[in-house]
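*Asks:* quick one, structure for this:
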Amino acid sequence: MAQARILIVDDDPNIVRFIQVNLKNSGHDVFIAANGAEAVKLVKEEKLDLVLLDVRMPVMDGFEACRRIREQSTVPIIMVSADRDVNDKVKCLELGADYYMTKPFSIDELLARVAAALRRPRGN
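*Replies:* Next comes the predicted model:
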């Protein structure tokens with residue numbers, strides 16, 4: 001798989017570190033944001049190939065960040081949350097997310113979803 005530029009957006013440093021190490025070991029460049037506002041700014045400033053976006057965060061939650069990212073970009077978005085509520089899953093997909101993963105998840109599933117999202121053709 002070709003190297004991709006991936007943004008991890010999560011306020012939990014342990015989750016960020018876990019995902020970051022595995023993505024880097026898979027050959028990807030990793031960017032990090034601790035909240036949705038930072039994520040929206042980075043999407044605007046950097047040419048990213050994928051965003052992994054937590055739902056529950058301070059400053060700006062993942063719902064609003066997803067909505068704002070979609071206003072400016074078609075970058076694939078994988079929502080990641082401990083919340084198993086079907087309504088939240090539907091809301092994320094309606095806001096423009098491509099996938100919704102529930103924590104805890106295996107790194108193998110995450111890497112497979114990342115690879116699948118990166119294979120999909122997209123515009124700007």
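*Asks:* now do the strands in this protein.
*Replies:* In the chain, the strands defined using DSSP state E lie at 5-9, 29-33, 50-54, 77-81, 99-102.
*Asks:* what would the ones you listed look like in JSON lines with distance to V43?
*Replies:* For the C-beta atoms, the positions are set from N, CA and C on the backbone; glycine is no exception. Shown next, in JSON lines, are the strands of the chain (distance: least, Cβ to Cβ, whole Å):
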{"stretch": "strand 5-9", "distance to V43": "7"}
{"stretch": "strand 29-33", "distance to V43": "9"}
{"stretch": "strand 50-54", "distance to V43": "7"}
{"stretch": "strand 77-81", "distance to V43": "9"}
{"stretch": "strand 99-102", "distance to V43": "17"}
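*Asks:* go through those and name the closest to V90.
*Replies:* Nearest of these to V90, taken as Cβ to Cβ: strand 99-102 at 8.9 Å.
*Asks:* circling back to that earlier point, quick one: closest of the strands of the chain to A115.
*Replies:* Of the strands of the chain, nearest to A115 by Cβ to Cβ is strand 50-54, at 10.0 Å.
*Asks:* about what we covered before: please identify the most buried of the strands of the chain.
*Replies:* For these, the largest average neighbour count (mean count of other Cβ atoms under 10 Å) is found in strand 50-54, namely a mean of 26.
*Asks:* that older thread, which among the strands of the chain is found nearest to L110?
*Replies:* Proximity to L110 (Cβ to Cβ) singles out strand 99-102 among those, at 6.7 Å.
*Asks:* who does that closest one pair up with?
*Replies:* Using DSSP bridges, strand 99-102 pairs in its sheet with strand 77-81 (parallel).
*Asks:* please enumerate residues in contact with the partner strand?
*Replies:* 10, 15, 50-56, 62, 66, 69-70, 88-89, 92, 96-103, 105, 113-114, 117 (Cβ atoms under 8 Å, 6 or more residues apart in numbering).
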